[in-house]
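Chemist: kindly generate the corresponding structure for this input.
(one chain, ligands or ions: 1)
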Amino acid sequence: LEERFSQAQKMEAVGRLAGGVAHDFNNLLTIINGYGELLMTQLPAPNPHRDAVVAIREAGERAAGLTGQLLAFSRKAIVAPKVLDFNELVDSIGKMLRRLIGEDITLATFLAPGLWAVKADPGQIEQVILNLAVNARDAMPKGGRLTIETANLTLDDGTRYPELAPGRYVRLSVSDTGVGMTDEVQTQIFEPFFTTKEFGKGTGLGLATVYGVVKTYSGHVSVYSEVGVGTTFSVLLPAVGAARSERPSGGISVAPRGT
Ligand code: ADP
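Modeler: Take a look at the predicted model:
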């Protein structure tokens, strides 16, 4: 418990710092990307400088993605929870997801009929799914399969998830057939700024953000991963109207069996 408390404090401090830098940086990027876009439209395809502008645009977009992640991480306090259908949400970002993962990765979705509703901020949940999808993509450089699944789950007294109060939950899982993670990596992935990606490719804030969001809603995130086989992240959030007893909840568990 103490460990989690210090992680929450660390995330808050880091979030405030990162938010300030990211905000200013983002304003500058808007200028770079805006003029890049303008140049693109004014350079016809045979122009010898077009490749250079394309490269600037791509790097600019990647930088915007990174600052976006920093901003999302630091803004986690401003939320507007709504009653949400996760199936609709996954559907609505399907196009963006496909574009994000590229052509070598297939996307499969298994959306449970009659899925219970969850009260959460749609932007935050989108961010959770996108962060997990980006990681899945990065874990499959040679292609593979990204699976997004939703399910209703009724938890009895502390069997599978002792951290969670008994009651009704909605589970969202994101699985990949990628490189997987060692146990040592798995114990650190939710730490802010922990990354194994090369410089400029990752902030190490994706999963810290996921953890923060899930905790906001008294949910739970767990990971199951095997090196060379793949990884599954499961996010559990309380269903709307679920009868729940007062019990401390939220947190991380690494590699639960039988999820
Ligand atoms: P970032 O993606 O910026 O590195 P994250 O917090 O999202 O930051 O992830 C931290 C680290 O966790 C990654 O650098 C990677 O080593 C590991 N990781 C996360 N998701 C996966 C996955 N699906 N497969 C393999 N490794 C992963």
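Chemist: pull the residues that contact stretch 53-73.
Modeler: 14-15, 18-19, 21-23, 25-26, 29, 32-33, 36-37, 39-40, 43, 127, 131, 192, 200, 203, 205-206, 208-209, 212 (C-beta atoms under 8 Å, 6 or more residues apart in numbering). In short, each C-beta sits where N, CA and C put it, glycine included.
Chemist: the same query, at a cut-off of 6 Å, please.
Modeler: 15, 18, 22, 25-26, 29, 32-33, 36, 39-40, 127, 203, 205, 209 (C-beta atoms under 6 Å, 6 or more residues apart in numbering).
Chemist: that stretch: which residues count as buried?
Modeler: 53, 56-57, 60, 63-64, 66-73 (16 or more other C-beta atoms under 10 Å).
Chemist: which bits of the stretch 51-200 of the chain sit near the ligand?
Modeler: Neighbours of the ligand within the stretch 51-200 of the chain, by C-beta under 6 Å from any ligand atom: 131, 135-136, 139, 176, 178-181, 185, 189, 194-197.
Chemist: buried among those? Need that as a selection in ChimeraX.
Modeler: The buried residues among these can be selected in ChimeraX (16+ other C-beta under 10 Å) with this line:
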select :131,135,136,139,176,178,179,180,181,189,195
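Chemist: the residues of the stretch 51-200 of the chain next to the ligand in strands, which ones?
Modeler: residue 176 (DSSP state E).
Chemist: returning to what we had before: for the contacts of stretch 53-73, which one is nearest the ligand?
Modeler: Set against the ligand, the nearest of the contacts of stretch 53-73 by C-beta to the nearest ligand atom is residue 203 (4.5 Å).
Chemist: what residues does that closest one make contact with?
Modeler: 66, 69.
Chemist: and the strand ranked longest in the chain, which residues are buried?
Modeler: With secondary structure taken from DSSP E, the chain has its longest strand at strand 144-155. Neighbour-count burial for strand 144-155, with 16+ other C-beta under 10 Å as criterion, is recorded at 144-151, 153, 155.
Chemist: ok, now stretch 222-240?
Modeler: 222-225, 230-239.
Chemist: JSON lines for the residues you listed, including pLDDT and distance to the ligand?
Modeler: Output for the buried residues of stretch 222-240, formatted as JSON lines (pLDDT from 0 to 100; distance: C-beta to the nearest ligand atom, whole Å):
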{"residue": "222", "pLDDT": "95", "distance to the ligand": "13"}
{"residue": "223", "pLDDT": "97", "distance to the ligand": "8"}
{"residue": "224", "pLDDT": "97", "distance to the ligand": "11"}
{"residue": "225", "pLDDT": "98", "distance to the ligand": "6"}
{"residue": "230", "pLDDT": "98", "distance to the ligand": "7"}
{"residue": "231", "pLDDT": "98", "distance to the ligand": "4"}
{"residue": "232", "pLDDT": "98", "distance to the ligand": "8"}
{"residue": "233", "pLDDT": "98", "distance to the ligand": "7"}
{"residue": "234", "pLDDT": "97", "distance to the ligand": "12"}
{"residue": "235", "pLDDT": "98", "distance to the ligand": "13"}
{"residue": "236", "pLDDT": "97", "distance to the ligand": "18"}
{"residue": "237", "pLDDT": "97", "distance to the ligand": "19"}
{"residue": "238", "pLDDT": "96", "distance to the ligand": "24"}
{"residue": "239", "pLDDT": "96", "distance to the ligand": "26"}
